[in-house]
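Asker: Prediction below, plus the sequence it came from.
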Amino acid sequence: MGQNSTRKHPRLTGCMILSNVQILEALDSGRLGIDPHPGRDISNRPYNTSAVDLRLAPNLSIPLPGPINIRLDQKYDKAFAARNSERHDLITKGPFELEPHKFILGRTLESVSFPTTGEGPFYAARIEGRSGAARNGLLVHFTAPTIHAGFYGPITLEIINLGCNAISLHANDYICQLIIEQLSGRPEDAPNQFRGQKEPTG
């Protein structure tokens, strides 16, 4: 018998990115929630080897110029954002043509949840764009990719077109990918003003 035949692999104790197999295991255990469930066929879309694709919900929010200057030392004003935005429903109004250098807010069709109760393991995630869309200039998050442990709800997408051509957005388009990471320990709960959000503006 070879020297390495009985050697056990060490358990990972630091942060790690989940594979598609581990994503499905986390969903089955209830330590991760994605609703609607992305399905069990990990060899097919929406799974990649280390991510799961999420879709665009119908309701978009198009910010309008407001009467004030935004200050970063003040809490995000959800009521102001809602009052100073136009709504566009991709089902009733049809696709939205996102012109170059235009900024809008969307959200994922799927709601996610990252419980911080129980024995763990505990997870957080990053939302990232998809390569094909990115090569056409589409950004789906604007420096805010982190989905913290304890978060639940749909994910707001800060969408901007940095390309040269308009991009047509449709309901249920696969628009982003969720990369899930295991925490190295138990987190202590912290306030999050966007937890449980239902609209793109929070």
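Answerer: Structure's in. What do you need?
Asker: pLDDT on the longest helix that the chain contains, on average?
Answerer: Counting residues, the longest helix found in the chain (DSSP state H) is helix 20-29. In this model, helix 20-29 has an average pLDDT of 96.
Asker: Can you give the contact residues for that helix?
Answerer: Helix 20-29 has contacts (CB atoms under 8 Å, 6 or more residues apart in numbering) with 18, 32-34, 37-38, 40, 42, 47-52, 121, 123, 180. Quick note: C-beta positions are derived from backbone N, CA and C, even for glycine.
Asker: what do you get if the cut-off is 7 Å, keeping everything else the same?
Answerer: 18, 32, 34, 37, 40, 42, 47-50, 52, 123, 180 (CB atoms under 7 Å, 6 or more residues apart in numbering).
Asker: where exactly do the helices run in this protein?
Answerer: For the chain, applying DSSP H gives helices covering 20-29, 78-83, 131-134.
Asker: buried set for the longest helix of the chain?
Answerer: By 16 or more other CB atoms under 10 Å, the buried positions in helix 20-29 come out as 20, 22-24, 26-27.
Asker: Which helix or strand in this structure has the lowest average pLDDT?
Answerer: Every helix and strand of the chain was ranked by mean pLDDT, DSSP states H and E. The lowest is helix 78-83, at a mean of 75.
Asker: How far does it sit from its chain's centre?
Answerer: Taking CA atoms, centre = their mean, to the nearest Å, the mean C-alpha location of helix 78-83 is offset from the chain mean by 21 Å.
Asker: And stretch 49-57, by the same measure?
Answerer: 8 Å.
Asker: Extract the CA atoms of that stretch and return them as CSV.
Answerer: What follows is stretch 49-57, C-alpha atoms only, in CSV (Å, rounded to 0.1, in the frame of the first residue of the first chain):
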residue,chain,number,x,y,z
THR,A,49,-18.3,25.5,-11.6
SER,A,50,-18.1,28.1,-8.7
ALA,A,51,-21.2,30.3,-9.1
VAL,A,52,-24.9,30.3,-9.8
ASP,A,53,-26.5,32.7,-12.3
LEU,A,54,-29.4,34.9,-11.2
ARG,A,55,-32.1,36.6,-13.3
LEU,A,56,-33.4,40.2,-13.7
ALA,A,57,-36.7,41.0,-12.0
